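Undergrad: compute the structure for the input listed below.
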Amino acid sequence: MIGTLSRFVAADTPRTGHAMSRIGRDITVVQITVSGTGAVSASGELLGSNDGVAWVSLGTLSASGTTLATYADYIDRPYEQLRFDPIAISGTGAVAIVTQSGVV
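TA: The predicted structure is shown next:
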């Protein structure tokens with residue numbers, strides 16, 4: 001199963017993302033993809049929580065390249081919810097999508 005944590009464009013940054021139940025019990029893969037015309041880049045902070053109130057930083061995700069760029073990482077910490085807060089995005093028509101998927 002794949003779930004979208006965030007979809008954002010330049011006008012959306014910086015902002016607080018929405019929380020989503022974590023997919024995957026032991027390992028969850030989180031991926032950021034940015035696309036547009038020419039040089040594109042996007043970054044943001046991934047956070048985890050068990051109560052939706054207290055959030056812990058799990059690190060920064062960023063991707064940059066020409067026309068399309070993707071970066072993926074995994075988390076194995078025991079958080080029930082994930083949130084992605086966009087920090088920056090650049091590039092002509094740039095759109096970034098952050099997804100999560102559970103690893104069985």
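
Undergrad: OK, contacts around the residue of the chain positioned farthest from its centre?
TA: Using Cα atoms, centre = their mean, the residue of the chain lying farthest from its centre is residue 38. It sits 21.5 Å away. When contacts are counted by Cβ atoms under 8 Å, 6 or more residues apart in numbering, residue 38 is found next to 66-67, 91-92. For the C-beta atoms, the positions are set from N, CA and C on the backbone; glycine is no exception.

Undergrad: so which of these belong to strands?
TA: With DSSP state E as the criterion, strands contain 66-67, 91-92 from among those.

Undergrad: neighbour-wise, which one of the residues you listed leads?
TA: Using other Cβ atoms under 10 Å as the neighbour criterion, residue 91 leads the ones in strands among the contacts of residue 38 with 22 neighbours.

Undergrad: hang on, it packs against residue 65?
TA: No. Look at residue 91 against residue 65 with Cβ atoms under 8 Å: they stay out of range, at 9.5 Å.
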